[in-house]
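**Student:** The sequence isn't on hand, but the structure is:
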């Protein structure tokens, strides 16, 4: 299994519209979810901190939840208007 690169995760999320709300260089980054700015995602940057694995696991779980919600929304739209939203 490859070791996740937290900086790449942050880069990917910010390029997708997530906004950095707080950060400590080389320690962590807080990101606000698109369209839900009150929800924050913490990405730890330093594998040497005691709770790095826990924080990264929590971030991955949250992202998986976001994907599930996104997929559910896509499926609902496809059911509503298959001509516009169904995958061809």
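**Tutor:** Yes, it's here. Computed from a predicted structure; not experimentally measured.

**Student:** now the host helix or strand of residue 32, how far from the chain's geometric center?
**Tutor:** Per DSSP states H and E, residue 32 falls inside strand 28-33. Remark: strand 28-33 is offset 9 Å from the chain centroid, using C-alpha atoms, centre = their mean, to the nearest Å.

**Student:** And residue 40, how close does it get to residue 31?
**Tutor:** 7 Å (C-beta to C-beta, to the nearest Å). To be clear about C-beta, it is placed using only N, CA and C from the backbone, and glycine gets the same treatment.

**Student:** In terms of neighbours, single out the busier of those two.
**Tutor:** residue 31 (21 against 14; other C-beta atoms under 10 Å).

**Student:** returning to what we had before: report the set of residues contacting both of residue 40 and residue 31.
**Tutor:** Common contacts of residue 40 and residue 31, defined by C-beta atoms under 8 Å, 6 or more residues apart in numbering, comprise residue 21.

**Student:** Looking at this structure, which strand is longest?
**Tutor:** Longest strand in the chain, counting residues (DSSP state E): strand 36-44.

**Student:** Neighbouring strands of it in the sheet, and parallel or not?
**Tutor:** Counting by DSSP bridges, the strands paired with strand 36-44 are strand 28-33 (antiparallel).
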